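J.: coordinates only, sequence not included:
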């Protein structure tokens, strides 16, 4: 076990944290024998500083209780985590903290010729003198002017032939230029091979494990079957580990990946626990209709494609469309209550990228496909963070909301193939900061 893994094991055992972010030289791989270990721990009820020596390395670890980040706080106090690595994030607090720091950095206006804010962060963090040199070029790399990218007849033809998805449409709503580069021109970002588990891989493994567990020859899942699966913890852990190893370039699970493995295992166990309770409360079994079901359908003359994590039927005539989400999901994004339909639809098709519902359009498209096959369709979101608080919840199809989304979607699709409307660039700095095509765009 290397020094980093030893220290992380120490921090996890001592603090039992909700979140853990490492930063500095150990996090970026530049540590030497004189480096200390920098980290921010979200745990306990009292702010503290840990300067212990672990594995021959001095710690510089700041501990903050979760309540610190549930109230109003100044992100400038936490600038050191701007490029940190999130090792553990049980409730999403660590990820929200890092994103708020990045948003804060991005909100500071730069003047022409002003030094990069990230250089300032490096100077602040490492407290070392910097040798500054200035280079300039009169050549602009941007390929998109302020009016956007003009559409061609070939673009329109391509759009008519391609299969759209909820994520690609969300990209269009967020930034038409980003949609153009990714979907119309088929430009792909460079794929990096992660040495350890990240949030995306965590979701991939969780989905794969759930698919394996609910694949039964009879297509019928009972509370007795799930109870037996849940009791065999060794088999569950073996299944989780197998899928982890399929997603990382290693033949063993070590260090922080052991923590992620434990998190996924707990997610799986909690999902099984809640499904067992659901079956006992609502019936003795449900019939599996589809797992990771690939769907195709047409809407307003456009082709659509998607993948539904699970489709089951808990009773005759009732079908549940289930989506697994390991990230943070807001209840109002899928629980469309009476009186909120217009507000949610406006947010979905509005210009505020930061407040656009993440999964609303996805569930609408799934419902549109499902209602072509079944009359009584319900939506269920299986979010582990929610399942720790609530039982499994299902929500019926909302006719008024569906009508509003259809109207907004029809306008969006018409604009998409309107040759007079260019692929515009967004003005949202956060969207630009996370865009894979910002260098091409020149934003």
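T.: Everything's here; your move. Predicted model only: the values in this text are computed from it and were never measured. Numbering: from 1, shown residues only.
J.: And the spatially most central residue of the chain, how close does it get to residue 40?
T.: Centre of the chain computed as the mean C-alpha position; nearest residue by C-alpha atoms, centre = their mean is residue 327, 5.1 Å away. In this structure, residue 327 and residue 40 are 20 Å apart, going by C-beta to C-beta, to the nearest Å. Quick note: C-beta positions are derived from backbone N, CA and C, even for glycine.
J.: before we move on, what about residue 177?
T.: According to C-beta to C-beta, residue 177 and residue 40 sit 35 Å apart.
J.: do the same with residue 169
T.: Applying C-beta to C-beta, the value for residue 169 to residue 40 is 36 Å.
J.: okay, the residue nearest to the centre of the chain: pLDDT?
T.: The predicted structure scores residue 327 at 74 on the pLDDT scale.
J.: Over to it. Which of the three states is it?
T.: Under the three-state scheme (DSSP: H, G, I helix; E, B strand; the rest coil), residue 327 adopts coil.
J.: can I assume it is in contact with residue 89?
T.: No. Residue 327 lies out of contact with residue 89 (C-beta atoms under 8 Å); the separation is 9.8 Å.
J.: Provide a complete list of residue ranges assigned to strands in the stretch 201-350 of the chain.
T.: In the stretch 201-350 of the chain, the strands defined using DSSP state E, counting those that start in this stretch lie at 220-222, 285-299, 302-315, 318-324.
J.: Just want the angle from the last one to strand 302-315.
T.: Per axes from the mean of the first three to the mean of the last three C-alpha atoms, to 10 degrees, the angle that strand 318-324 makes with strand 302-315 is 110 degrees.
J.: what residues does strand 318-324 touch?
T.: Taking C-beta atoms under 8 Å, 6 or more residues apart in numbering as the criterion, the residues outside strand 318-324 that touch it are 203, 206-207, 210, 271, 286, 289, 308-314, 359, 362-363, 366-367, 370, 373-374, 376-383, 394.
J.: Then the shortest one?
T.: Contacts of strand 220-222 with the rest of the structure, by C-beta under 8 Å, 6+ apart, involve 214, 275, 279, 284, 285, 286, 287, 288, 312.
J.: By residue count, what's the longest helix in the chain?
T.: Of all the segments of type helix in the chain, defined by DSSP state H, the longest one is helix 256-282.
J.: Any buried residues in that helix, and which?
T.: If you call a residue buried by 16 or more other C-beta atoms under 10 Å, then helix 256-282 has these buried ones: 256-261, 263-265, 267-268, 270-276, 278-279.
J.: And for stretch 417-431?
T.: Within stretch 417-431, the residues that qualify as buried by neighbour count (16+ other C-beta under 10 Å) are 422, 423, 425, 426, 428, 430, 431.
J.: Could you list the low-confidence segments of the chain?
T.: Per-residue confidence for the chain (pLDDT under 70) gives these ranges: 106-129, 132-146, 189-199, 443.
J.: Show the contacting residues for the residue lying closest to residue 230 once chain neighbours are set aside.
T.: Distances taken as C-beta to C-beta, 6 or more residues apart in numbering place residue 272 nearest to residue 230, at 4.4 Å, with adjacent residues excluded. With contacts taken as C-beta under 8 Å, 6+ apart, residue 272 has the following neighbours: 213, 226, 229, 230.
J.: Alright, I will stop here.
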